Each structure stands twice: as structure tokens, then as C-alpha cells.
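K.L.:
Build me a model from this:
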Amino acid sequence: RAPVNTAVRFAADTRGVGKHRPADARRNLDDVQCVPPSLRQQAKPPCKDHVPPQAQTVFRRGNWGLRMMALGKLAVLVVDDDASDRMQMRRALDASGLELQVVDVDSPAQAATLPHPPDLVFMDYMMPGTDGIQAIQTLGALWPGTAQVLVSGRGDADIVSNAFRSGVADYVPKSSISPRVLRRIVENAVSLARMRAQMEEQQGELRAFANVLAHDLKAPLRSATFLCDELEEALDRDDPADAREVSDDLQRLVGRMDALILSLEAHIYLDAAARPFARVPTGELAAVAVDDLARSIAETGASIDIAPDMPALLCDPPQIAQLFQNLVANAIKYRGAAPPKIAISGWAEPDGAVHLVVADNGQGIAPAQFDRIFEPFTRAHGRSDVPGSGLGLATCRKIARRHNGRIWCESQPGEGAALHLSLSPAAESAAAP
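P.N.:
Numbering: from 1, shown residues only. As a prediction, the model looks like this:
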């Protein structure tokens, strides 16, 4: 951002001195023209293994605080052909003190038919027709985000070595099974799996960040170069009015570039700014978001209705307020011909999850776009005339995931859109990550 800020300052200086001190203006112009090459140098994609210091902090923290924060209700699958061993495992898990939903099956083939991936699998090593390590590799390809633990009655060094090479999170002999041991294994294995998923997500975002720097900034940089040429011609003609107009265009262009970089930073380092959870009424956080958008609401004639009975949520309050702000801002940006009407509502589900909805009367979204709109740097309507970086809904998804939840869209073109969130209850002992 430093070269961008420099360009803003020099463009403003050039605007002021172009009429009376053309030599100073020309020096400023030379400095502005130096900005695009420096930005292009910064835009080189980083080494695959390079991670900025801020992101390294996120990775070091990872999700290892999940034992203090919210693991939520975990789905645990036990795969063992011996019914008595499955029963022993279930009893130990039930006595572990963790909130678990345990399912047991007698074969990997039966496990593969489950409709949803579990958070963790306990896989027996010895089963008819296969071994646990082969089954772990098969299920690992099917459920890449699931933690897997190998269980064996005849543990030896070779089995343990092969197990960890196959990607298991842990190994436990059947003779060591107890509520305390399983609690430790579940906490550590799920934390490790989520940390890996977070790292993969961060790496994907860093690649996207590099792609934006290398490609999405090229167009405005070319425009900046063109405007610099225009400004130089205006100075050669001794035309201060034209020079002032061009410098104004340059300031606006560089300002958009700076806003893009700021939004990228905020999105990528969202987890680094995480705070301890607190129980807050979601209606109050929605009201904060609406207050922050007062100018846009007034300019567009939007009406915002916040339901009076919004539930409380144990959460990171600034992040949930940001989530509401992004959703309401999107509804205003993609409004239809009529003034925007936006309704914010929410309720508590029977399982304790909080369901939030932000609905509008805008342009609507085609079902084919429902998944794509939550990817970074994408727009539902592919419109470049709408301001923004294409990160708003991607940031909402990151916030939802941090709160053990999910976000999805229900809409039809021309009929408005409803963005739904289901956020699971966090542990009462939530602490700073």
C-alpha cells in the first residue's frame, strides 16, 4: 500500500502546483510514474512455501485453542467388525465428557455410504478383506477434512509407523482405551484436522491474493500509466484545468486500488484479529452494522427491519457485526429498481444453534451461482460497475466457519435473495485464540 499512498499524495500535490509551478508538477509526475513498476514487482507470486508473518501467527495459533473454545457437537464414527469392541468404544466415548454423536458400523464399505462426513473416525486395523490402513486411505480421499485414528489389538512399531505415514492423526491400542484417553485423542485429532483445513484455506487465499496482485491490479496500473501520460501532455500544453481533471481521475483510481488492498488484508488476516467470545444479542450487532451503513441507507432510500426477538449468541461480536454489515451492504449494492427493503431476523434452533437470515427485495441470484458467490473475488452478476472487491461474502463464510457454522443462499433472479446462517453454540469457556 505504500506506493499507492505515495501516488495519492503526489497526484494531490500535482493538482495544486500544476498551474503555478510546472517544474514541481513534473517532478511529482515522475514520482507517480514510478509507482506502477514497484507495484508490479510486489505483485510477483510468492514462493509456494512462503507465508507472511501475520499468516504464520494464524497458523501457529491454528485451532489448537479448540479445547478452550468451541469444538461443538462432534460426529464420531467407529468402524470395527467386532460388535463387542464397538460397544466398548461407544461406552468410553459416552463417558469422556465430550458432546458427541457416535455412529458405529462394521465395515469401511458401510462407512462410505454415510450421507455426511464425520469429524473423526476410529478405524480398526484388522478387518475381514481389508486392513485399517488401506481403509483410512480410501476414506481419507472421500473425506479429506475428517480426522482418522487407527485402533489395533496387536500394536507394534511397524503398524504405528505405517499408520502415521498413511495420514492418521493418532493411534491407540485397544488395551489403552479409556474415557480419559479417548477424550485427549478426540480433542487433539479434531484440532489437528481443523488446523490443517485452516492452513489449506489460508494457502488458497494467499494464492488468490498473489493472483489479484499479479492480475487484477494490472488493469488499474495500466490506467494509472495512461493517466500519467495524459497529465504530462496537459503540463506540456500548459493546460492547468485539464491537468487538474486528470489528477482527480488519478486520485480516484489509486483510491480504488488502495481500497482493494485494504479489503484483501482484512479478509486474509481475519483470524489474526480474532477476540475472545462473548454472549451478545444478535439484534444489537445487526443495529451496529446498520448504523455503520447510515450513509448508504440514506442515499438509496433503503429500509431495514430488524426483528425484535433476535437470539443471543456466544461469538466474536465485532466479527458478527461485520458479517451483518457485509450482508446488508450487498443487499444495497445489488438492489433492484425499487428502494431496497431488507429484513434481518433470527431464532434459536432446538439443538442450540442460532439461525440468522438477511433477506432483500433486490435483483436475486441464479441457483447456479449459490456456491460461487462465497468464493473470493467473485460477483453474483459479474458486474464491474458495482463497487467492491468481491470479498464480502467470502469474509462472511470465514466468519461463519470460525463460529462452527455455515452460510447459504436462497434466491431466484428478480425475486430478491435470502442469506441464511446457522451458527452452532460455542463452548462457554471460549477463550482468545
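K.L.:
And the nearest residue to residue 397 once chain neighbours are set aside, how close does it get to residue 226?
P.N.:
Spatial nearest neighbour of residue 397, chain neighbours left out: residue 374 (4.6 Å); criterion: CB to CB, 6 or more residues apart in numbering. Heads up, the C-betas are built off the backbone N, CA and C, glycines and all. For residue 374, the distance to residue 226 equals 34 Å [CB to CB, to the nearest Å].
K.L.:
and residue 117, what helix or strand is that in?
P.N.:
Assigned by DSSP states H and E, residue 117 belongs to neither a helix nor a strand.
K.L.:
Isn't it up against residue 140?
P.N.:
No - between residue 117 and residue 140 there is no contact under CB atoms under 8 Å: 10.6 Å.
K.L.:
Any chance you could list residues touching both of the two?
P.N.:
residue 146 (CB atoms under 8 Å, 6 or more residues apart in numbering).
K.L.:
what about the longest helix anywhere in the chain, distance to the chain center?
P.N.:
The single longest helix within the chain, with elements called by DSSP state H, is helix 179-211. Relative to its chain's centre, helix 179-211 lies at 14 Å (CA atoms, centre = their mean, to the nearest Å).
K.L.:
Flag every buried residue along that helix.
P.N.:
182-183, 185-199, 202, 205-206, 208-209 (16 or more other CB atoms under 10 Å).
K.L.:
So which elements touch it?
P.N.:
Counting contacts by 3 or more CB pairs under 8 Å, 6 or more residues apart in numbering; DSSP states H and E, helix 179-211 is packed against helix 53-61, strand 74-79, helix 83-94, strand 120-124, strand 147-152, strand 170-173, helix 240-268.
K.L.:
Compute the inter-axis angle for it and helix 83-94.
P.N.:
On the basis of axes from the mean of the first three to the mean of the last three CA atoms, to 10 degrees, helix 179-211 is oriented at 80 degrees to helix 83-94.
K.L.:
where are the low-confidence patches of the protein?
P.N.:
Residue ranges of the chain with pLDDT under 70: 1-72, 155, 205, 208-219, 256, 259-260, 263-274, 377-390, 425-433.
K.L.:
show me where it has strands.
P.N.:
74-79, 100-105, 120-124, 126-127, 130-131, 147-152, 170-173, 278-281, 303-306, 312-315, 341-348, 354-360, 405-411, 417-423 (DSSP state E).
K.L.:
any chance of those in JSON lines, plus mean neighbour count?
P.N.:
Converted to JSON lines, the strands of the chain look like this (neighbours: other CB atoms under 10 Å):
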{"stretch": "strand 74-79", "mean neighbour count": "22"}
{"stretch": "strand 100-105", "mean neighbour count": "17"}
{"stretch": "strand 120-124", "mean neighbour count": "26"}
{"stretch": "strand 126-127", "mean neighbour count": "16"}
{"stretch": "strand 130-131", "mean neighbour count": "16"}
{"stretch": "strand 147-152", "mean neighbour count": "25"}
{"stretch": "strand 170-173", "mean neighbour count": "19"}
{"stretch": "strand 278-281", "mean neighbour count": "14"}
{"stretch": "strand 303-306", "mean neighbour count": "16"}
{"stretch": "strand 312-315", "mean neighbour count": "22"}
{"stretch": "strand 341-348", "mean neighbour count": "19"}
{"stretch": "strand 354-360", "mean neighbour count": "22"}
{"stretch": "strand 405-411", "mean neighbour count": "18"}
{"stretch": "strand 417-423", "mean neighbour count": "22"}
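K.L.:
Rebuild those strands as CSV, extending it with distance to residue 331.
P.N.:
Listed next are the strands of the chain as CSV, based on distance: least, CB to CB, whole Å:
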stretch, distance to residue 331
strand 74-79, 34
strand 100-105, 35
strand 120-124, 38
strand 126-127, 52
strand 130-131, 52
strand 147-152, 38
strand 170-173, 45
strand 278-281, 21
strand 303-306, 9
strand 312-315, 21
strand 341-348, 5
strand 354-360, 4
strand 405-411, 11
strand 417-423, 7
